[in-house]
Structures are given as structure tokens and as C-alpha cells.
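[1] Kindly return the folded structure for what I paste below:
(one chain, ligands or ions: 1)
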Amino acid sequence: MLHQLLVVRRCDPLALTNKLIIVSRSVLDGLVTALHIKLDHPSKHQLNLVLKRLFYALDMPKAVEQASDSCHTCASLKRLPKSLVKQSSEDQPDLVGISYVADVLKRKRQLTLVVRETVTSYTSTCFIQEERLAFKRSSVVVRVDPAPGFRPLCDDSFLKQLNISIEIGRVKNRNINPVADKAIAEFEDELLREERHQSPLSENTLVIATTRLNSRLRQIGLSSRELWTQRNQFTHEQVPISDINLIRAQHESRNKNHGFSEISKCSRPGRPIPDVSIGDMVYLYADRSKTQSRDRYLVGALDGEWCFIKKNSGNQLRASSYKVKLPECYKVINTINFHQNPRSSQNEYDQESDCDDYAECCKRNITVHVW
Ligand SMILES: [Zn+2]
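    Coordinates of the predicted model:
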């Protein structure tokens with residue numbers, strides 16, 4: 001006995017004899033959680049070492065694991081191994097010339113707008129003074145990334161008059177605008193071939209690089225220009241191409257390629273689908289960076305494999321909703337068993353009976369209202 005506490009002697013080799021306070025199971029979870037918070041969220045191993053130095057209890061590592069797993073701060077900082085990410089393509093457009101992607105290439109203090117048609121990969125480029133767009137096509141959808149220059153254009157009345165809609169991809173998707181990224185990469189390759197010395201681009205260089213890019217033969221043996229104009233670029237004869245067959249073939253080849261692409265990027269198995277319901281707090285695997293912990297999100301709606309979440313910062317719930325796939329997020333599981341405490345189970349029983357009464361009352365109320 002020491003200060004009215006039960007103690008046990010601990011004799012480790014090459015260490016001083018220590019007196020450990022015996023902690024009963026009923027207070028262990030509370031003690032471990034208090035220490036976890038007091039010591040500023042140590043890792044499981046660190047907390048285990050602290051507890052082993054001062055206390056003696058049964059199932060101590062299990063209690064530490066529970067305290068760490070149910071902590072929101074630790075969940076937002078958790079380091080997780082890379083794992084297989086399922087890839088998918090959106091529905092293909094019905095026609096050629098109605099779906100475009102756009103991005104701005106910033107290079108040597110010049111801004112170049114790169115616009116690509118998604119089926120034929122026909123690319124147009126031009127210099128711009130600011131990140132502002134002006135398209136002169138009708139009924140087209142232009143996919144862009146959420147860059148500050150593109151965001152205000154979603155509600156642009158001038159673009160609406162021209163039947164042009166700006167679509168910002170899923171913000172929380174890292175591969176938000178893959179066609180535009182590929183277009184920029186190809187265009188930069190052409191620029192490197194054309195202009196080797198470090199100087200600002202001229203209009204001529206831009207035109208030559210774009211023309212070269214459009215005349216490169218692609219997977220199906222035709223160039224973007226030939227697919228766009230349906231004419232042989234050398235002889236100017238008409239090329240018999242069916243747009244719908246081209247769109248279908250492209251979509252099929254993309255879907256076929258996803259499996260190989262997933263495995264080449266990560267051979268680990270995919271992440272489990274979390275059991276998420278509306279109102280849960282979730283974190284996104286991809287959110288963590290070197291300088292920032294993960295943000296917390298509240299699940300607002302569920303739709304098949306999709307989940308609509310809103311950011312919860314402090315006491316505020318942000319208005320903008322993000323669409324993410326379920327395997328991209330995880331939630332903190334409450335591992336403390338509620339039924340362990342006999343008093344809490346009694347409370348639960350009381351609550352249940354209250355709920356039944358309440359439900360009964362509700363039913364009666366509804367009946368009164370209806371009749
Ligand atoms: Zn913690």
C-alpha cells in the first residue's frame with residue numbers, strides 16, 4: 001500500500017526497482033484516454049511505455065489501442081500505406097465537338113490557354129493576358145480544374161448566352177482533369193522540340209507546336225487533325241470514320257486499361273469500403289500533406305458508391321459539398337464497448353423505453369393531426 005493505493009514492485013534487469021500503481025479495469029479506459037490527451041496524442045507505442053513505467057493493469061495495450069483508434073486528432077494525422085485505387089471513366093460524350101477540356105499553361109511568365117476536344121484530342125492554343133476565357137462555340141461543356149481563374153466562370157452570364165457551360169471536376173479527386181493534364185504534357189513536349197533556348201514563346205512557335213501536336217498519329221493510326229476534319233492530312237482525301245464507333249472504341253479501351261493501370265501504380269489490395277451513414281464524421285485518405293493534418297467532414301448524403309461530404313472546421317459547417325467515392329474516406333470507430341458498464345446498460349434500457357414512449361406519443365400526435 002502506498003498513499004492508499006495498491007502497488008506492485010517491478011524489477012527489471014539493469015533498472016531501478018519501481019513501484020507500479022495497480023489500476024482496475026473499470027477506470028483503465030478513462031485513465032488511458034486522460035493520459036492520451038494530457039500527453040498531446042502520443043503514438044500507441046509511446047503511451048504504452050509511459051503506462052508501463054507508472055501503472056500496472058490487465059489488458060493495458062488493448063486499452064491504449066482503443067484510446068488511440070477512437071481519437072479524432074490521431075485519425076487526422078494517421079500515416080497510412082499506399083493502396084490500390086480503383087479507376088473509372090465518366091460516360092463518353094454522344095458526339096464529337098461537344099465536350100472539351102481546358103487548362104492554362106504557365107511558362108516563362110506567359111499564360112497559354114490549352115483547349116482540347118475530348119474524343120479527337122484536337123488541341124487549340126492561344127496566349128492570354130489573364131486567366132479568362134472566351135469560347136465561340138455553342139452547347140459545349142468545358143471541363144476545367146478548380147483554379148481561381150476558372151471558378152468565377154461557372155456563373156458567367158456571357159458564357160451562358162453562348163450556351164457554354166463550365167464544369168469543374170470533383171475537387172477532392174487528385175486526377176481531376178486527366179485529359180487536360182495529358183494535353184499540357186504533350187504540348188510541353190512539342191515546345192521543347194521546337195524551342196530549345198530559354199526565351200519567351202513567339203506566336204509562330206505556338207502555332208507550329210500546336211500544328212505538330214495535332215498532326216501526330218495516335219493509337220488508332222489517325223492524327224487528331226484527321227479525326228477532327230475527317231480528311232487525310234497528306235492527300236486531303238476524305239477518310240471514312242464513324243464518330244460513334246470512334247467514341248465507343250475509345251471508351252472501351254480506357255475501361256480495359258484501368259485494371260492494368262491500377263496494378264502498375266500499386267500492387268497492394270484496395271481499401272475496405274467503410275460502413276458510413278449520414279451524419280458520420282469522416283476523413284479523406286488523400287487529404288494529409290507534409291504540413292497539414294486531414295480536415296474533418298460530415299456526411300450529408302449517400303448515393304451508391306458516392307458520398308457527399310461537407311467540411312467541418314471548428315464549429316462551422318461549410319456550405320460547399322464535395323462528392324467522393326466511399327473507399328476514399330474512413331471514419332473513426334468508437335471501440336469502447338457501451339455494454340461493459342452495467343450502469344450504462346441500465347441507462348440504455350431506460351432510454352429505449354423512453355424512446356418507445358416517445359414513438360408512441362409521436363404516433364398519437366400524428367393521429368390527432370390527421371383526424
Ligand atoms: Zn489522439
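[2] Name the residues of stretch 77-90 that come out as buried.
    Residues of stretch 77-90 classed as buried by neighbour count (16 or more other C-beta atoms under 10 Å): 78, 85, 87. Glycine gets a C-beta too; all of them are placed from N, C-alpha and C.
[3] Pipe those into a markdown table and attach secondary structure, distance to the ion and pLDDT per row.
    Listed next are those as a markdown table, based on DSSP: H, G, I helix; E, B strand; the rest coil; distance: C-beta to the ion, whole Å; pLDDT from 0 to 100:
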| residue | secondary structure | distance to the ion | pLDDT |
| --- | --- | --- | --- |
| 78 | coil | 10 | 85 |
| 85 | coil | 27 | 75 |
| 87 | coil | 34 | 77 |
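[4] And the strands in the stretch 101-250 of the chain?
    110-117, 123-128, 140-144, 164-168 (DSSP state E, counting those that start in this stretch).
[5] what's the closest of the ones you listed to residue 73?
    Closest approach to residue 73 among the strands of the stretch 101-250 of the chain is made by strand 164-168 (31.2 Å; C-beta to C-beta).
[6] Pairing partners for the closest one, with directions?
    In the sheet containing strand 164-168, its partner strands are strand 140-144 (parallel), by DSSP bridges.
[7] List the buried residues of the partner strand.
    The neighbour-count check on strand 140-144 (16+ other C-beta under 10 Å) flags 140, 142, 143, 144 as buried.
[8] again with stretch 272-283
    Within stretch 272-283, the residues that qualify as buried by neighbour count (16+ other C-beta under 10 Å) are 274, 276, 280, 282, 283.
[9] Could you do stretch 44-56 as well?
    By 16+ other C-beta under 10 Å, the buried positions in stretch 44-56 come out as 47, 48, 50, 51, 52, 55, 56.
[10] re the thing from before, take the strands of the stretch 101-250 of the chain and write them to TSV, including mean pLDDT.
    Formatted as TSV, the entries for the strands of the stretch 101-250 of the chain read as follows, by pLDDT from 0 to 100:
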stretch	mean pLDDT
strand 110-117	88
strand 123-128	88
strand 140-144	76
strand 164-168	77
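[11] Show me the one of those strands that comes nearest the ion.
    Taking C-beta to the ion as the measure, the strands of the stretch 101-250 of the chain were each checked against the ion, and strand 164-168 came out nearest at 34.8 Å.
[12] with the buried residues of stretch 272-283 in mind, which one is nearest to the ion?
    Out of those, the one with the shortest distance to the ion is residue 283. That distance is 13.0 Å, counting by C-beta to the ion.
[13] pLDDT score for that closest one?
    The confidence metric pLDDT takes the value 90 at residue 283.
[14] now swap in residue 319 and tell me
    Looking at residue 319, its pLDDT stands at 83.
[15] ditto for residue 357
    Residue-level confidence at residue 357 comes out at 43, pLDDT.
[16] mind listing what residue 117 touches?
    Going by C-beta atoms under 8 Å, 6 or more residues apart in numbering, residue 117 touches 96, 97, 99, 100, 123, 224, 228.
[17] Tell me the spacing between the closest residue to residue 281 other than its chain neighbours and the ion.
    With C-beta to C-beta, 6 or more residues apart in numbering as the measure, residue 296 is the residue that lies nearest to residue 281, at 5.6 Å, once sequence neighbours are left out. For residue 296, the distance to the ion (C-beta to the ion, to the nearest Å) stands at 13 Å.
[18] could the buried residues of strand 140-144 be laid out in JSON lines, adding distance to the ion?
    Output for these, formatted as JSON lines (distance: C-beta to the ion, whole Å):
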{"residue": "140", "distance to the ion": "49"}
{"residue": "142", "distance to the ion": "44"}
{"residue": "143", "distance to the ion": "40"}
{"residue": "144", "distance to the ion": "39"}
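[19] ok, those vs residue 236, which is closest?
    Nearest to residue 236, judged by C-beta to C-beta, of the buried residues of strand 140-144 is residue 140 at 27.1 Å.
[20] With residue 243 as the reference, measure out to the closest one.
    Noted for residue 140: a distance of 15 Å to residue 243, by C-beta to C-beta, to the nearest Å.
[21] one step back: filter the buried residues of stretch 44-56 to keep only those in contact with the ion.
    Checking the buried residues of stretch 44-56 against the ion by C-beta under 5 Å from the ion, not one of them is in range.
[22] dump the residue contacts of the residue in the stretch 151-300 of the chain positioned nearest to the ion.
    Ranked by C-beta to the ion, the top residue of the stretch 151-300 of the chain for proximity to the ion is residue 293, at 11.1 Å. With contact taken as C-beta under 8 Å, 6+ apart, residue 293 is in contact with 73, 76, 77.
[23] how many neighbours does the nearest residue to residue 105 once chain neighbours are set aside have?
    Beyond its immediate neighbours in the sequence, the residue positioned closest to residue 105 (C-beta to C-beta, 6+ apart) is residue 112, lying 4.4 Å away. By the other C-beta atoms under 10 Å criterion, the neighbourhood of residue 112 contains 22 residues.
[24] Please, where are all the helices along the chain?
    Defined through DSSP state H, the helices belonging to the chain, from first to last, are 25-38, 44-54, 60-69, 72-77, 157-161, 178-194, 203-215, 224-229, 243-265, 342-370.
[25] Show me what counts as buried in stretch 253-267.
    In stretch 253-267, the ones that count as buried by 16+ other C-beta under 10 Å are residue 254.
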